[in-house]
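Asker: build me a structure from this.
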Amino acid sequence: MQARLPMLEPDAFYTCASGGLGHGLPAAVGVALGRPGTKVIAVLGDGSAMYAIQGLWSAAQLGLPISFVIVNNGRYEALIGFGRHFGLQETVGTKLPDLDFCALAQGHGISATRVTSHEMLDAALADSFAADHPSLVEVVVD
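Answerer: Residues are numbered from 1 along each chain as shown. Here you go, the predicted model:
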């Protein structure tokens, strides 16, 4: 991520100290509220986004300039990794088939674009990053 979105200035990158599933989406709303007029880019996994998807509504209602970039691989990969660490052969409940983050975003009043090939990515990100309102880019990966 740092190669594509370099953090070259102080106060340009926020995260939590110990990691935390579901932190990113509501944290992006908080950062946008705390830094009025500043464009916020939130890069999230699909599983993490589902912990607090209702934050999209807050972003829409408040007109916050946030680009939500959701990488959709159809599973809670972090939980699968934790399961492997603890010797689980299968981590039940970690598959997330058929989630449509564009539909979820639009249902909350946010414009959204689905990216299904690398050729589509640059234009979708450029449009989202240029927006002065909340927008979402769903990047479908295998």
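Asker: could you list the buried residues of stretch 54-69?
Answerer: Gly55, Leu56, Ser58, Ala59, Ala60, Leu64, Pro65, Ile66, Ser67, Phe68, Val69 (16 or more other CB atoms under 10 Å). C-betas here are computed from N, CA, C, even on glycine.
Asker: now the third one: closest residue in space, sequence neighbours ignored.
Answerer: The reference is to Ser58. Val29 (5.2 Å; CB to CB, 6 or more residues apart in numbering).
Asker: just to check, the one you found is in contact with Ala59?
Answerer: Yes - using CB atoms under 8 Å, Val29 is in contact with Ala59, at 5.5 Å.
Asker: shared neighbours, those two?
Answerer: Common neighbours of Val29 and Ala59, using CB atoms under 8 Å, 6 or more residues apart in numbering, are Ile66.
Asker: what are the phi and psi values for Leu44?
Answerer: Here is the backbone geometry of Leu44 (degrees, to the nearest 10): phi -130, psi 150.
Asker: what's near enough to touch the nearest residue to it once chain neighbours are set aside?
Answerer: What sits nearest to Leu44 in space, not counting adjacent residues and going by CB to CB, 6+ apart, is Gly24, at 4.6 Å. Gly24 makes contact with Ala42, Val43, Leu44, Ser48, Ala49 under the criterion CB under 8 Å, 6+ apart.
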